[in-house]
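Asks: Okay, sequence plus prediction incoming.
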Amino acid sequence: MADATAPRTYTNPVYPGYFADPFVWQHDGVYYAVGTAAAPPPGQDRPERIFPVLRSDDFVRWDFVGNALLPPDPAVGADFWAPEVAYHDGRFYLYYSVGTGDKGHQLRVAVSDEPTGPYRDAGVSLIDPSVHPFAIDAHPFRDDDGQWYLFYARDFLDTENGVRAGTALAADRLVNMTQLAGEERVILRARNEWQRFLADRPMYDGVYDWHTLEGPFVRKHEGRYYCLYSGGRWETEGYGVDYAVADHVLGPYSDQGGEAAARVLRTVPGRVLGPGHNSIVRGPDGTTDYIVYHAWDLEHTRRRLCLDRLLWTSDGPKCDGPTWTPQTV
(Lines give C-alpha, C1' and ligand atoms only; values in the text may rest on other atoms or scores of the structure.)
Protein backbone atom coordinates (compact mmCIF):
# COMPACT_ATOMS: atom_id res chain seq x y z
CA MET A 1 0.00 0.00 0.00
CA ALA A 2 1.15 3.58 -0.61
CA ASP A 3 3.00 5.48 2.13
CA ALA A 4 0.28 6.64 4.52
CA THR A 5 2.35 9.67 5.56
CA ALA A 6 2.63 11.14 2.06
CA PRO A 7 0.20 14.01 1.41
CA ARG A 8 -2.47 13.07 -1.08
CA THR A 9 -5.58 14.86 -2.27
CA TYR A 10 -8.86 13.83 -3.82
CA THR A 11 -11.79 15.72 -5.28
CA ASN A 12 -15.36 14.41 -5.19
CA PRO A 13 -16.63 12.47 -6.98
CA VAL A 14 -13.64 10.12 -6.71
CA TYR A 15 -14.92 7.85 -9.48
CA PRO A 16 -16.60 9.24 -12.63
CA GLY A 17 -18.97 6.36 -13.41
CA TYR A 18 -22.38 5.55 -11.99
CA PHE A 19 -21.83 4.07 -8.55
CA ALA A 20 -24.76 4.24 -6.12
CA ASP A 21 -25.20 2.85 -2.57
CA PRO A 22 -21.44 2.56 -2.04
CA PHE A 23 -19.92 0.21 0.50
CA VAL A 24 -16.17 0.45 1.11
CA TRP A 25 -14.01 -1.91 3.14
CA GLN A 26 -10.32 -2.64 3.59
CA HIS A 27 -8.75 -6.08 3.31
CA ASP A 28 -5.04 -6.90 3.45
CA GLY A 29 -4.10 -3.26 3.00
CA VAL A 30 -6.28 -2.70 -0.07
CA TYR A 31 -9.54 -0.75 -0.27
CA TYR A 32 -12.50 -2.17 -2.16
CA ALA A 33 -15.82 -0.58 -3.03
CA VAL A 34 -18.99 -2.27 -4.23
CA GLY A 35 -22.17 -0.50 -5.29
CA THR A 36 -25.37 -0.45 -7.30
CA ALA A 37 -24.97 -0.05 -11.05
CA ALA A 38 -27.20 1.94 -13.37
CA ALA A 39 -30.28 0.06 -14.55
CA PRO A 40 -29.67 -1.55 -17.96
CA PRO A 41 -31.54 -0.06 -20.93
CA PRO A 42 -34.91 -1.69 -21.74
CA GLY A 43 -34.46 -4.90 -23.69
CA GLN A 44 -30.80 -5.36 -22.80
CA ASP A 45 -29.82 -8.74 -21.41
CA ARG A 46 -28.78 -9.01 -17.81
CA PRO A 47 -24.96 -8.87 -17.41
CA GLU A 48 -23.01 -11.99 -16.53
CA ARG A 49 -22.21 -10.47 -13.14
CA ILE A 50 -23.93 -7.83 -11.00
CA PHE A 51 -22.56 -4.99 -8.82
CA PRO A 52 -19.44 -3.06 -9.91
CA VAL A 53 -16.31 -3.41 -7.77
CA LEU A 54 -13.59 -0.77 -7.44
CA ARG A 55 -10.11 -1.12 -5.96
CA SER A 56 -7.80 1.49 -4.47
CA ASP A 57 -4.28 1.15 -3.08
CA ASP A 58 -4.12 4.74 -1.80
CA PHE A 59 -7.75 5.78 -1.00
CA VAL A 60 -7.52 8.41 -3.72
CA ARG A 61 -7.52 6.63 -7.08
CA TRP A 62 -10.32 4.12 -7.59
CA ASP A 63 -10.21 1.67 -10.50
CA PHE A 64 -12.93 -0.63 -11.81
CA VAL A 65 -11.89 -4.29 -11.48
CA GLY A 66 -15.07 -6.13 -12.52
CA ASN A 67 -18.50 -7.09 -11.25
CA ALA A 68 -19.11 -9.16 -8.13
CA LEU A 69 -22.26 -11.29 -8.15
CA LEU A 70 -23.21 -14.24 -10.31
CA PRO A 71 -26.95 -13.54 -10.61
CA PRO A 72 -29.38 -16.01 -9.07
CA ASP A 73 -32.49 -17.47 -10.69
CA PRO A 74 -34.15 -14.74 -12.82
CA ALA A 75 -37.45 -15.58 -11.13
CA VAL A 76 -36.38 -13.62 -8.03
CA GLY A 77 -36.20 -10.36 -10.00
CA ALA A 78 -34.03 -8.20 -12.19
CA ASP A 79 -33.26 -5.15 -10.01
CA PHE A 80 -30.21 -5.58 -7.77
CA TRP A 81 -29.64 -2.98 -5.06
CA ALA A 82 -27.28 -1.92 -2.29
CA PRO A 83 -24.61 -4.61 -1.78
CA GLU A 84 -22.47 -4.82 1.37
CA VAL A 85 -19.69 -7.26 2.21
CA ALA A 86 -18.73 -8.98 5.48
CA TYR A 87 -15.54 -11.00 5.98
CA HIS A 88 -15.82 -13.96 8.34
CA ASP A 89 -13.66 -17.07 8.83
CA GLY A 90 -11.80 -16.57 5.57
CA ARG A 91 -14.83 -16.03 3.34
CA PHE A 92 -16.59 -12.96 1.98
CA TYR A 93 -20.38 -12.60 2.28
CA LEU A 94 -22.20 -10.19 0.01
CA TYR A 95 -25.63 -9.07 1.25
CA TYR A 96 -27.99 -7.47 -1.25
CA SER A 97 -31.61 -7.11 -2.30
CA VAL A 98 -33.22 -8.24 -5.53
CA GLY A 99 -36.72 -7.73 -6.89
CA THR A 100 -38.68 -5.63 -9.34
CA GLY A 101 -38.71 -1.90 -8.70
CA ASP A 102 -40.78 -0.98 -5.66
CA LYS A 103 -43.17 -3.91 -6.21
CA GLY A 104 -41.19 -6.26 -4.00
CA HIS A 105 -37.61 -6.93 -2.90
CA GLN A 106 -36.03 -9.70 -0.87
CA LEU A 107 -32.75 -9.84 1.03
CA ARG A 108 -30.22 -12.44 -0.05
CA VAL A 109 -26.58 -13.33 0.52
CA ALA A 110 -23.83 -14.64 -1.73
CA VAL A 111 -20.42 -16.08 -0.86
CA SER A 112 -16.91 -15.83 -2.30
CA ASP A 113 -13.34 -16.74 -1.41
CA GLU A 114 -12.07 -13.46 -2.88
CA PRO A 115 -13.09 -9.84 -2.15
CA THR A 116 -13.83 -9.14 -5.81
CA GLY A 117 -15.81 -12.32 -6.38
CA PRO A 118 -17.31 -14.13 -8.05
CA TYR A 119 -19.98 -14.26 -5.34
CA ARG A 120 -22.40 -17.19 -5.59
CA ASP A 121 -25.90 -16.83 -4.18
CA ALA A 122 -26.51 -19.05 -1.14
CA GLY A 123 -29.99 -19.97 -2.36
CA VAL A 124 -31.97 -18.51 0.55
CA SER A 125 -34.07 -15.45 1.23
CA LEU A 126 -33.00 -14.01 4.58
CA ILE A 127 -36.50 -12.69 5.33
CA ASP A 128 -39.63 -14.47 4.16
CA PRO A 129 -41.02 -12.36 1.26
CA SER A 130 -44.54 -13.54 2.07
CA VAL A 131 -44.22 -11.82 5.46
CA HIS A 132 -42.22 -8.74 4.42
CA PRO A 133 -42.46 -8.34 0.63
CA PHE A 134 -40.19 -5.29 0.50
CA ALA A 135 -36.87 -5.50 2.38
CA ILE A 136 -33.72 -3.72 1.18
CA ASP A 137 -30.35 -2.28 2.21
CA ALA A 138 -28.87 -5.13 4.26
CA HIS A 139 -26.00 -4.05 6.51
CA PRO A 140 -23.96 -6.70 8.40
CA PHE A 141 -22.48 -5.47 11.69
CA ARG A 142 -20.10 -7.40 13.98
CA ASP A 143 -20.15 -6.42 17.64
CA ASP A 144 -17.11 -6.52 19.94
CA ASP A 145 -18.05 -9.98 21.22
CA GLY A 146 -17.95 -11.41 17.69
CA GLN A 147 -21.72 -11.65 17.24
CA TRP A 148 -23.00 -10.58 13.81
CA TYR A 149 -26.25 -8.68 13.26
CA LEU A 150 -28.07 -7.68 10.09
CA PHE A 151 -29.63 -4.23 9.85
CA TYR A 152 -32.01 -3.52 6.99
CA ALA A 153 -34.93 -1.42 5.80
CA ARG A 154 -38.46 -2.75 5.29
CA ASP A 155 -42.00 -1.39 4.92
CA PHE A 156 -44.30 -0.56 7.84
CA LEU A 157 -47.94 0.47 7.49
CA ASP A 158 -48.98 1.33 11.06
CA THR A 159 -49.12 4.93 12.30
CA GLU A 160 -49.63 4.58 16.05
CA ASN A 161 -47.70 6.72 18.56
CA GLY A 162 -46.64 9.32 16.04
CA VAL A 163 -44.79 7.12 13.57
CA ARG A 164 -45.26 7.53 9.82
CA ALA A 165 -46.10 4.79 7.34
CA GLY A 166 -43.26 3.89 5.02
CA THR A 167 -39.88 2.22 4.80
CA ALA A 168 -37.95 2.16 8.09
CA LEU A 169 -35.18 0.34 9.91
CA ALA A 170 -35.03 -3.04 11.66
CA ALA A 171 -32.38 -5.55 12.69
CA ASP A 172 -31.94 -9.20 13.64
CA ARG A 173 -29.20 -11.42 14.98
CA LEU A 174 -27.38 -13.66 12.52
CA VAL A 175 -27.31 -17.29 13.68
CA ASN A 176 -24.69 -17.83 11.02
CA MET A 177 -23.70 -15.73 8.02
CA THR A 178 -26.64 -16.98 5.93
CA GLN A 179 -29.44 -17.28 8.50
CA LEU A 180 -31.28 -14.83 10.74
CA ALA A 181 -32.53 -15.75 14.21
CA GLY A 182 -36.08 -14.55 13.51
CA GLU A 183 -35.95 -12.13 16.47
CA GLU A 184 -36.46 -8.87 14.61
CA ARG A 185 -36.16 -5.59 16.50
CA VAL A 186 -37.46 -2.30 15.12
CA ILE A 187 -34.55 0.15 15.14
CA LEU A 188 -36.07 3.43 13.96
CA ARG A 189 -39.33 4.67 12.45
CA ALA A 190 -39.95 7.88 10.53
CA ARG A 191 -41.46 10.73 12.54
CA ASN A 192 -40.28 13.88 10.77
CA GLU A 193 -41.40 15.95 7.78
CA TRP A 194 -38.02 15.91 6.05
CA GLN A 195 -38.23 12.11 5.83
CA ARG A 196 -41.28 12.18 3.53
CA PHE A 197 -40.90 10.21 0.31
CA LEU A 198 -44.29 11.00 -1.24
CA ALA A 199 -47.67 12.12 0.01
CA ASP A 200 -50.74 10.16 -1.14
CA ARG A 201 -48.67 7.24 -2.41
CA PRO A 202 -50.67 4.20 -3.51
CA MET A 203 -49.18 1.19 -1.73
CA TYR A 204 -50.46 -2.19 -0.51
CA ASP A 205 -54.05 -1.57 -1.70
CA GLY A 206 -54.17 1.74 0.15
CA VAL A 207 -52.96 5.32 -0.06
CA TYR A 208 -50.31 6.53 2.41
CA ASP A 209 -48.33 9.59 3.36
CA TRP A 210 -45.16 7.61 2.73
CA HIS A 211 -41.89 8.29 4.55
CA THR A 212 -38.53 6.59 4.03
CA LEU A 213 -35.58 5.68 6.21
CA GLU A 214 -33.03 3.47 4.46
CA GLY A 215 -29.36 2.61 4.07
CA PRO A 216 -28.50 1.82 7.72
CA PHE A 217 -24.84 1.67 8.73
CA VAL A 218 -23.74 1.07 12.33
CA ARG A 219 -20.49 2.20 13.94
CA LYS A 220 -19.67 1.69 17.62
CA HIS A 221 -17.87 4.69 19.08
CA GLU A 222 -16.82 5.15 22.70
CA GLY A 223 -19.23 2.50 23.90
CA ARG A 224 -22.32 3.72 22.04
CA TYR A 225 -23.89 2.49 18.81
CA TYR A 226 -24.52 5.02 16.06
CA CYS A 227 -26.85 4.00 13.25
CA LEU A 228 -26.38 6.37 10.34
CA TYR A 229 -29.16 6.24 7.76
CA SER A 230 -30.60 8.15 4.81
CA GLY A 231 -34.04 9.73 4.84
CA GLY A 232 -36.45 11.31 2.37
CA ARG A 233 -36.82 10.72 -1.35
CA TRP A 234 -33.61 9.54 -2.99
CA GLU A 235 -34.13 11.48 -6.23
CA THR A 236 -34.48 14.88 -4.54
CA GLU A 237 -32.38 17.51 -2.79
CA GLY A 238 -34.17 16.81 0.49
CA TYR A 239 -32.46 13.41 0.78
CA GLY A 240 -29.66 13.28 3.36
CA VAL A 241 -27.88 11.36 6.12
CA ASP A 242 -28.87 11.51 9.79
CA TYR A 243 -28.23 9.19 12.74
CA ALA A 244 -29.72 7.54 15.80
CA VAL A 245 -27.80 6.44 18.89
CA ALA A 246 -28.19 3.63 21.43
CA ASP A 247 -26.40 2.01 24.35
CA HIS A 248 -27.09 -1.49 23.02
CA VAL A 249 -26.66 -2.81 19.48
CA LEU A 250 -30.39 -3.58 19.18
CA GLY A 251 -31.53 -0.38 20.83
CA PRO A 252 -33.59 1.41 21.81
CA TYR A 253 -32.26 4.04 19.37
CA SER A 254 -32.97 7.76 19.59
CA ASP A 255 -32.69 10.30 16.78
CA GLN A 256 -33.50 13.26 19.04
CA GLY A 257 -32.13 16.44 17.51
CA GLY A 258 -32.79 15.37 13.92
CA GLU A 259 -36.36 16.65 13.71
CA ALA A 260 -35.73 19.53 11.28
CA ALA A 261 -33.26 18.06 8.76
CA ALA A 262 -30.51 15.52 8.21
CA ARG A 263 -27.54 16.40 10.41
CA VAL A 264 -24.60 14.58 8.80
CA LEU A 265 -24.97 15.16 5.03
CA ARG A 266 -27.31 17.48 3.15
CA THR A 267 -27.62 19.00 -0.33
CA VAL A 268 -25.51 22.07 -1.08
CA PRO A 269 -27.57 23.88 -3.74
CA GLY A 270 -25.70 24.24 -7.01
CA ARG A 271 -22.85 22.01 -5.81
CA VAL A 272 -23.92 18.63 -4.37
CA LEU A 273 -27.35 17.08 -4.85
CA GLY A 274 -28.94 14.38 -2.67
CA PRO A 275 -25.95 12.93 -0.78
CA GLY A 276 -26.84 9.66 0.88
CA HIS A 277 -26.63 5.91 1.43
CA ASN A 278 -23.39 5.94 3.36
CA SER A 279 -20.82 3.55 4.72
CA ILE A 280 -17.89 4.33 7.03
CA VAL A 281 -14.28 3.21 6.65
CA ARG A 282 -10.96 4.02 8.31
CA GLY A 283 -8.57 6.10 6.23
CA PRO A 284 -4.95 5.19 5.45
CA ASP A 285 -3.71 6.57 8.79
CA GLY A 286 -5.68 3.84 10.58
CA THR A 287 -7.50 6.29 12.87
CA THR A 288 -9.48 8.80 10.80
CA ASP A 289 -13.00 7.77 9.83
CA TYR A 290 -14.39 8.63 6.41
CA ILE A 291 -18.00 8.62 5.37
CA VAL A 292 -18.48 7.17 1.89
CA TYR A 293 -21.67 8.10 0.03
CA HIS A 294 -23.20 8.79 -3.33
CA ALA A 295 -24.46 12.09 -4.70
CA TRP A 296 -26.15 13.08 -7.96
CA ASP A 297 -24.39 15.03 -10.65
CA LEU A 298 -26.08 18.39 -11.22
CA GLU A 299 -27.65 17.10 -14.44
CA HIS A 300 -29.33 14.38 -12.38
CA THR A 301 -28.09 11.62 -14.68
CA ARG A 302 -25.93 9.54 -12.34
CA ARG A 303 -25.12 8.94 -8.69
CA ARG A 304 -21.39 8.97 -8.07
CA LEU A 305 -18.94 7.87 -5.37
CA CYS A 306 -17.86 10.52 -2.84
CA LEU A 307 -16.03 10.48 0.47
CA ASP A 308 -15.36 12.96 3.27
CA ARG A 309 -13.88 12.98 6.75
CA LEU A 310 -16.27 12.03 9.56
CA LEU A 311 -15.75 13.78 12.90
CA TRP A 312 -16.90 12.41 16.25
CA THR A 313 -18.00 15.31 18.45
CA SER A 314 -19.78 15.60 21.79
CA ASP A 315 -22.92 16.35 19.77
CA GLY A 316 -22.58 13.23 17.62
CA PRO A 317 -21.05 12.44 14.22
CA LYS A 318 -20.43 15.40 11.93
CA CYS A 319 -19.01 15.60 8.43
CA ASP A 320 -16.64 18.02 6.71
CA GLY A 321 -18.74 17.62 3.60
CA PRO A 322 -20.24 17.21 1.26
CA THR A 323 -17.19 18.69 -0.46
CA TRP A 324 -16.45 19.43 -4.09
CA THR A 325 -12.98 21.00 -3.80
CA PRO A 326 -9.62 19.21 -3.32
CA GLN A 327 -9.33 17.50 0.07
CA THR A 328 -6.20 16.20 1.78
CA VAL A 329 -6.16 12.62 3.03
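Replies: Right, received. Where do you want to start?
Asks: Quick check: pLDDT value at the residue nearest to residue 142 when sequence neighbours are not counted.
Replies: Leaving out its chain neighbours, the residue that sits closest to residue 142 by Cβ to Cβ, 6 or more residues apart in numbering is residue 148, at 5.2 Å. (Glycine included, C-beta is placed from N, CA and C.) For residue 148, the pLDDT comes out at 98.
Asks: for residue 148, what are its contacts?
Replies: Residue 148 is in contact with 86, 88, 140, 141, 142, 173, 174, 177, counting by Cβ atoms under 8 Å, 6 or more residues apart in numbering.
Asks: Relative to residue 235, how far out is the fifth one?
Replies: In this structure, residue 142 and residue 235 are 33 Å apart, going by Cβ to Cβ, to the nearest Å.
Asks: Compare these two and say which one has the larger neighbour count.
Replies: Shown here are residue 142 and residue 235; by other Cβ atoms under 10 Å, residue 142 has more neighbours (16 against 13).
Asks: Isn't that one up against residue 86?
Replies: Yes - the criterion here is Cβ atoms under 8 Å, and residue 142 meets it with residue 86 at 7.2 Å.
Asks: what's the neighbour count on the closest residue to residue 273 other than its chain neighbours?
Replies: Leaving aside its sequence neighbours, residue 273 sits nearest to residue 296 (Cβ to Cβ, 6+ apart; 4.1 Å). Neighbourhood size, residue 296 [other Cβ under 10 Å]: 22.
Asks: next structured bit after the helix or strand containing residue 293?
Replies: Using DSSP states H and E, residue 293 maps to strand 289-296. Using DSSP H and E, the helix or strand that follows strand 289-296 in sequence is strand 303-313.
Asks: tell me the secondary structure for residue 161?
Replies: helix (DSSP: H, G, I helix; E, B strand; the rest coil).
Asks: Please enumerate the strands of the stretch 51-200 of the chain.
Replies: Along the stretch 51-200 of the chain, counting by DSSP state E, counting those that start in this stretch, strands occupy 63-70, 79-88, 91-99, 105-112, 119-125, 135-142, 148-156, 166-176, 179-180, 185-188, 196-203.
Asks: of all those strands, which lies closest to residue 44?
Replies: Between residue 44 and the strands of the stretch 51-200 of the chain, the tightest spacing by Cβ to Cβ is seen for strand 79-88, at 13.5 Å.
Asks: how far does that closest one sit from the chain's center?
Replies: Mean C-alpha position of strand 79-88 versus that of the full chain (Cα atoms, centre = their mean, to the nearest Å) differs by 9 Å.
Asks: what are the pairing partners of it, and which direction each?
Replies: Strand 79-88 has the following strand partners under DSSP bridges: strand 91-99 (antiparallel).
Asks: which residues of the stretch 51-200 of the chain score low on pLDDT?
Replies: Low-confidence segments of the stretch 51-200 of the chain (pLDDT under 70): none present.
Asks: 80 - rerun?
Replies: Scanning the stretch 51-200 of the chain for pLDDT under 80 picks out the ranges 101-103.
Asks: just to revisit the earlier point, quick one: the strands of the stretch 51-200 of the chain as TSV, columns for distance to residue 229 too.
Replies: Formatted as TSV, the strands of the stretch 51-200 of the chain follow (distance: least, Cβ to Cβ, whole Å):
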stretch	distance to residue 229
strand 63-70	24
strand 79-88	12
strand 91-99	16
strand 105-112	16
strand 119-125	23
strand 135-142	9
strand 148-156	8
strand 166-176	6
strand 179-180	20
strand 185-188	7
strand 196-203	14
